[in-house]
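[1] need coordinates for the following:
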Amino acid sequence: MNLITPVELPAGLPAITHAQQLLLLGSCFAENMGKQLSENAFRTDINPFGILYNPLSIARALRDIQAGRVYEESDLFFYRGCWHSPMHHGAFSASSPTEVLERINSRLQQAHRQLENTDWLVLTFGTAYVYEQAVSGSVVANCHKLPEKEFTRRALTVDEIVSEYTTLLNGLLSRCKQLKVLFTVSPIRHVRDGMHANQVSKATLLLAIDKLQAIFPRSTFYFPSYEIVLDELRDYRFYADDLLHPTPLAVRYLWDRFAETFFTEETKRIMEECESIRKAVAHKPFHPGSEEHKRFLGQIVLKIERLNKKYPYLDFENELIRICRTPLN
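    Numbers count the residues shown, from 1 in each chain. Just a heads-up that it's a prediction; the model follows:
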């Protein structure tokens with residue numbers, strides 16, 4: 001008995017491996033899948049600007065990364081006791097402009113240094129609606145709870161998105177010959193728009209991606225995260241209390257489907273070894289300072305060293321830091 005409508009996964013896509021560098025930008029899928037990739041020792045950079053929702057803000061973030069732009073105090077504004085960047089998530093905001101700029105430019109320069117070696121660019125579009133500053137007409141990534149009268153809200157068209165990304169991708173692909181771009185659409189519904197307007201918004205994103213795939217058939221790909229959550233996980237038990245965001249179980253299911261699409265058997269074996277290391281590091285001992293626990297930590301370090309010798313590109317920095325910080329007496 002089949003109790004779900006299975007979504008056909010794309011076949012023949014290039015594999016994602018631990019040896020590759022990934023950059024993820026966009027809405028919650030980028031955050032959720034990025035976290036899963038990082039926990040499994042993939043080399044990932046996740047949302048250097050914080051969560052981004054609309055295609056134009058994601059495109060501008062990519063242009064800033066490519067140019068290695070340095071933000072200045074004139075790029076910020078002060079509101080409700082904090083300095084903010086209209087291009088960044090509130091996690092970058094602070095009471096001091098110096099602190100904000102240090103956070104912004106540090107992350108941006110890190111992403112800039114890695115961009116030319118990036119193998120996969122994973123872009124998740126959340127909504128086709130944008131907020132434009134009423135004075136300048138510039139699209140903002142985050143309104144930071146400024147009064148609505150300071151913005152004009154409108155929906156992007158398919159042609160606007162396609163035009164923006166055609167120019168952007170031509171530039172990126174000419175510099176980064178190995179680059180592959182994976183598009184996804186966030187399954188989270190923007191109910192503020194109303195259900196019909198939300199569907200129109202998602203349809204606009206899907207149509208734009210479809211056109212971009214036709215323009216760049218060898219470099220762009222699509223993963224159906226939107227369709228999997230809405231068609232395979234229709235039951236509300238897969239949603240959080242707001243009935244919009246997926247539960248951890250739904251995220252895990254989506255991750256399994258993602259792995260099924262992009263990972264080879266060797267990659268899955270590496271992931272199993274990485275998971276055993278992660279679980280061992282997370283283990284809470286009854287006697288942290290005992291000789292037995294010291295030997296246990298030493299065995300984990302040896303396992304990491306053996307795995308890194310075989311796969312030198314695996315990233316276990318967080319695990320090693322945690323081991324080093326474990327009290328031994």
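[2] contacts, neighbours, all on C-alpha from now
    Noted.
[3] and residue 174, how far from residue 167?
    Separation of residue 174 from residue 167 (C-alpha to C-alpha, to the nearest Å): 11 Å.
[4] no no, residue 156
    In terms of C-alpha to C-alpha, residue 156 sits 17 Å off from residue 167.
[5] and those two? which has more neighbours close in?
    residue 156 (18 against 10; other C-alpha atoms under 10 Å).
[6] tell me the confidence at the more buried one?
    Listed pLDDT for residue 156 reads 98.
[7] who are the neighbours in contact with the nearest residue to it once chain neighbours are set aside?
    Computed as C-alpha to C-alpha, 6 or more residues apart in numbering, the closest residue to residue 156 that is not its neighbour in sequence is residue 128, at 5.3 Å. Contact partners of residue 128, counting by C-alpha atoms under 8 Å, 6 or more residues apart in numbering, are 54, 55, 155, 156, 157, 201, 202, 204, 205.
[8] for residue 128, grab phi and psi.
    phi -90, psi 0 (degrees, to the nearest 10).
[9] local confidence estimate at it?
    At residue 128, pLDDT is 97.
[10] which residues in the stretch 101-250 of the chain form helices?
    Ranges of helices in the stretch 101-250 of the chain, per DSSP state H, counting those that start in this stretch, are 158-175, 195-215, 225-227, 248-262.
[11] now these in JSON lines, with distance to residue 134?
    Formatted as JSON lines, the helices of the stretch 101-250 of the chain follow (distance: least, C-alpha to C-alpha, whole Å):
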{"stretch": "helix 158-175", "distance to residue 134": "19"}
{"stretch": "helix 195-215", "distance to residue 134": "22"}
{"stretch": "helix 225-227", "distance to residue 134": "32"}
{"stretch": "helix 248-262", "distance to residue 134": "37"}
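[12] tell me which of these sits nearest to residue 236.
    helix 248-262 (10.4 Å; C-alpha to C-alpha).
[13] and that closest one, what's buried?
    250, 251, 253, 254, 255, 257, 258, 259, 261, 262 (16 or more other C-alpha atoms under 10 Å).
[14] export that helix to PDB, keeping only CA atoms.
    Output of helix 248-262 as PDB, limited to C-alpha atoms (Å, rounded to 0.1, in the frame of the first residue of the first chain):
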ATOM      1  CA  PRO A 248      13.200  18.100  12.400                       C
ATOM      2  CA  LEU A 249      11.700  14.900  11.100                       C
ATOM      3  CA  ALA A 250      10.700  16.600   7.900                       C
ATOM      4  CA  VAL A 251      14.100  18.100   7.500                       C
ATOM      5  CA  ARG A 252      15.700  14.700   8.000                       C
ATOM      6  CA  TYR A 253      13.400  13.200   5.400                       C
ATOM      7  CA  LEU A 254      14.400  16.000   3.000                       C
ATOM      8  CA  TRP A 255      18.000  15.400   3.800                       C
ATOM      9  CA  ASP A 256      17.600  11.600   3.000                       C
ATOM     10  CA  ARG A 257      16.100  12.500  -0.400                       C
ATOM     11  CA  PHE A 258      18.900  15.000  -1.100                       C
ATOM     12  CA  ALA A 259      21.500  12.300  -0.200                       C
ATOM     13  CA  GLU A 260      19.700   9.800  -2.500                       C
ATOM     14  CA  THR A 261      20.000  12.300  -5.400                       C
ATOM     15  CA  PHE A 262      23.600  13.500  -5.000                       C
END
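[15] what does it contact?
    Applying C-alpha under 8 Å, 6+ apart, the set of residues contacting helix 248-262 from outside is 9-11, 13-16, 32-33, 36, 223, 225, 228-229, 233, 238-239.
[16] of the residues you listed, just the buried ones, PyMOL syntax please.
    Per 16+ other C-alpha under 10 Å, the buried members of the contacts of helix 248-262 correspond to this PyMOL selection:
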select buried, resi 9+16+32+33+223+225+228+229+233+238+239
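[17] report pLDDT for the closest residue to residue 112 other than its chain neighbours.
    Among residues not flanking residue 112 along the chain, residue 65 sits closest, at 4.9 Å (C-alpha to C-alpha, 6+ apart). At residue 65, the pLDDT value in this model is 98.
[18] likewise residue 278?
    At residue 278, the model reports a pLDDT of 87.
[19] please apply the same query to residue 59.
    98.
[20] same check on residue 327?
    We have a pLDDT of 60 for residue 327.
[21] can you read off the pLDDT for residue 148?
    pLDDT, residue 148: 92.
[22] now swap in the one 5 residues further on and tell me
    Here the pLDDT value assigned to residue 153 is 94.
[23] what's the neighbour count on it?
    15.
[24] residue 137 versus that one, what's the distance?
    Applying C-alpha to C-alpha to residue 153 and residue 137 gives a distance of 11 Å.
[25] same check on residue 94?
    25 Å.
[26] look at these two and report which has more neighbours.
    Set residue 94 next to residue 137 and count neighbours by other C-alpha under 10 Å: residue 94 wins out with 17 against 11.
[27] quick one: the more buried one and residue 85 touch, right?
    No: contact criterion C-alpha atoms under 8 Å: residue 94 and residue 85 do not qualify, at 10.1 Å.
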